[in-house]
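Chemist: Need the 3D shape of this:
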Amino acid sequence: MPVTRSPSMRSKLFVPGSRPELFDKAWNSAADAISFDLEDAVAADRKAEAREHVAQSLSEHVDHAKIAIVRVNPWGEELFDDDMEAVVRPGLDIVNLPKIESAEPIVETVRLLERLEREQGIARPIGILANIETPRGLRMAAEIALADERVIGLQLGFGDLFEPLAIERSPAALLPVRLKVRFAAAEAGIDAYDGAFVAVSDGEAYRADAEAARALGLAGKSCVHPNQIAIANAVFFPRPAEIENARRIVDKADEMLARGVGAFTVDGVMADGPFIDRARAVLKLAQSAGQHV
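Modeler: Okay, the predicted model is just below:
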């Protein structure tokens, strides 16, 4: 059974693994995905405790409808193997690897996943979400995306990428990074997901940041507070006019392609292969949310 690539994750809610009192609210939230964090959000002396909390929650939600992600500690560090041994179990959909800088950690993680899945009797392969959050990782983004079929997406991490270099989170800095990661993901046929926005009380600024990411083709955005979920879900969902235009393109494409015509106009605008493909993707996303199209 192949891994599900580019899953629909408009909103991905981060939950510190050391805060089990937040888990039920996260599972019951409107977020498309939950990302339990065992890395930066957990103090060093609480890593083992957090690992146990997350493992237990995954075991209790094997039949969950939400996408379950765990961000483990970095590959190559002492905590990585312990994290993987604990959380690779039924209930986990995706393992999130921080600070990836080459294909090697992906390949080695795949080998480890294959062993742990056999031991746990997991028939459905677990995907890998690779974080692009270092200068070298940004340079190697395409190699990382293409490293293995289990890589389901690339995740931007602006805090780790910008803060050590004193780069302000300005449109001028964000645009080239987002585009580079989007194109790297596209080369592998997967999605890119935008990073967190830490001003949790400024919903309008979060919306503007999400809109900028959407305009560059990113598929979703991290949420560090529940009040960001509804905004992300709305921003990364097709607008009614977009859905209607896509429906009109697809309807006419079916008619024209049956007649051997590959390019045509809809309301005075030309449509051909890439536009038809985009229209079909828009309708698929709308249908996945239960909308009649």
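Chemist: Could you list the low-pLDDT ranges of the chain?
Modeler: Within the chain, the stretches with pLDDT under 70 are 1, 288-293.
Chemist: Domain-wise, how is it divided?
Modeler: 11-235, 240-288 (automatic domain parsing).
Chemist: what's around residue 131, how many residues?
Modeler: Residues lying near residue 131 (other C-beta atoms under 10 Å) number 23. Using the backbone N, CA and C atoms, a C-beta is placed for each residue, glycine as well.
Chemist: again, but for residue 23
Modeler: Using other C-beta under 10 Å, residue 23 is surrounded by 20 other residues.
Chemist: From residue 245, how far off is it?
Modeler: In this view, residue 23 and residue 245 are 40 Å apart by C-beta to C-beta, to the nearest Å.
Chemist: re earlier: out of the domains of the chain, which is the most enclosed?
Modeler: Neighbour counts (mean count of other C-beta atoms under 10 Å) averaged over each of these peak at domain 11-235, with a mean of 19.
Chemist: before we move on, the earlier item: now distance to residue 5 too, for the domains of the chain, in JSON lines please.
Modeler: Below are the domains of the chain laid out as JSON lines (distance: least, C-beta to C-beta, whole Å):
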{"stretch": "domain 11-235", "distance to residue 5": "5"}
{"stretch": "domain 240-288", "distance to residue 5": "13"}
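Chemist: So residue 10 is in contact with residue 231, correct?
Modeler: No - using C-beta atoms under 8 Å, residue 10 makes no contact with residue 231, being 9.9 Å away.
Chemist: still on that earlier bit, of the domains of the chain, which is nearest residue 3?
Modeler: Set against residue 3 and scored by C-beta to C-beta, the domains of the chain come closest in domain 11-235, at 4.5 Å.
Chemist: rewinding a little: tell me which of the domains of the chain lies nearest to residue 4.
Modeler: Closest to residue 4 of the domains of the chain, according to C-beta to C-beta: domain 11-235, at 6.7 Å.
Chemist: Which residue, neighbours along the chain excluded, lies closest to residue 34?
Modeler: Take residue 34 and drop its neighbours on the chain: the residue closest to it by C-beta to C-beta, 6 or more residues apart in numbering is residue 26, 4.9 Å away.
Chemist: Would you agree the one you found is in contact with residue 15?
Modeler: Yes - here residue 26 reaches residue 15: they are 4.7 Å apart, a contact under C-beta under 8 Å.
Chemist: anything in contact with each of the two?
Modeler: Here residue 26 and residue 15 have residue 34 as joint contacts, going by C-beta atoms under 8 Å, 6 or more residues apart in numbering.
Chemist: can you give me the strands for the stretch 1-150 of the chain?
Modeler: Counting by DSSP state E, counting those that start in this stretch, one finds strands in the stretch 1-150 of the chain at the ranges 11-16, 33-37, 67-71, 94-97, 127-132.
Chemist: of all those, which lies closest to residue 275?
Modeler: strand 11-16 (27.3 Å).
Chemist: quick one, that closest one and strand 127-132 angle?
Modeler: Compare the direction of strand 11-16 with that of strand 127-132 by axes from the mean of the first three to the mean of the last three C-alpha atoms, to 10 degrees and you get 80 degrees.
Chemist: Which helix runs longest in this protein?
Modeler: If you go by DSSP state H, the chain has its longest helix at helix 240-258.
Chemist: now that one, how far from the chain's geometric center?
Modeler: In this view, helix 240-258 has its centroid 28 Å away from the chain centroid, taken as C-alpha atoms, centre = their mean, to the nearest Å.
Chemist: Would you mind identifying the next helix or strand past that helix?
Modeler: Next helix or strand after helix 240-258 toward the C-terminus (DSSP states H and E): strand 264-266.
Chemist: Show me the contact partners of that next one.
Modeler: 245, 248, 249, 252, 253, 256, 270, 271, 272.
Chemist: Right, I'll leave it there.
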